[in-house]
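[1] sequence and predicted structure, then a few things I'm wondering about:
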Amino acid sequence: MEVCSDCARFGDEVAKKEARTAVTHPVVRQRIARISNRPVYKDVFATEDTGEMLVADYAARITAARNSKGLTKKELAMKINEKLSVVHALERGELHPDDKLVRKLEKELGISLREKVPEVRVEKRAYSQGMTLGDFLRKQ
């Protein structure tokens with residue numbers, strides 16, 4: 001508190017506190033480290049499109065390739081460093097793998113799980129804002 005010189009004679013000067021250095025608690029440091037190690041998911045709309053898509057029969061391809069190599073589900077899971085439940089879900093078609101998992105499976109099993117998607121061109125008409133169901137059926 002700042003006071004005038006006349007009023008200052010009625011009180012004692014209090015020593016100013018020095019700024020403490022930031023010492024964080026170990027638990028706080030652990031939580032901050034955990035937050036910074038979280039996976040960063042890519043924004044599918046921000047990245048360039050490679051024109052490739054996951055094949056529709058990926059579950060059957062994975063199962064067939066695993067059986068042809070003579071691997072059990074547990075062995076495949078260990079080789080690609082994933083949980084057994086992930087391999088189960090993949091082979092049942094319940095889990096759609098991300099790009100990283102697709103690359104691991106393709107490398108380990110020697111198969112292709114992606115296919116090129118043909119580019120669809122749409123004719124713009126004066127009365128239509130875009131592609132209609134009729135336009136789509138005519139393209140087939």
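    That came through fine.
[2] check what pLDDT E94 gets.
    E94 is assigned 92 on the pLDDT scale.
[3] what's the answer for M131, then?
    72.
[4] what is the neighbour count of it?
    15 (other CB atoms under 10 Å). Where you see a C-beta, it was placed from the backbone N, CA and C, and this is true even at glycine.
[5] try I111
    Neighbour number of I111 under other CB under 10 Å is 17.
[6] cool, and V87?
    24.
[7] got the CA coordinates for the helix or strand harbouring it in PDB?
    Using DSSP states H and E, V87 sits in helix 84-92. What follows is helix 84-92, C-alpha atoms only, in PDB (Å, rounded to 0.1, in the frame of the first residue of the first chain):
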ATOM      1  CA  LEU A  84      -5.500 -59.100 -29.300                       C
ATOM      2  CA  SER A  85      -9.000 -57.500 -29.100                       C
ATOM      3  CA  VAL A  86      -8.000 -55.200 -31.900                       C
ATOM      4  CA  VAL A  87      -7.200 -58.100 -34.200                       C
ATOM      5  CA  HIS A  88     -10.400 -59.800 -33.200                       C
ATOM      6  CA  ALA A  89     -12.400 -56.700 -34.100                       C
ATOM      7  CA  LEU A  90     -10.600 -56.200 -37.400                       C
ATOM      8  CA  GLU A  91     -11.300 -59.800 -38.500                       C
ATOM      9  CA  ARG A  92     -14.900 -59.400 -37.600                       C
END
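[8] run through who's touching that helix.
    58-59, 62-63, 66, 73-74, 76-77, 80, 95, 97, 101, 105 (CB atoms under 8 Å, 6 or more residues apart in numbering).
[9] okay, buried residues for that helix please.
    86-87, 90-91 (16 or more other CB atoms under 10 Å).
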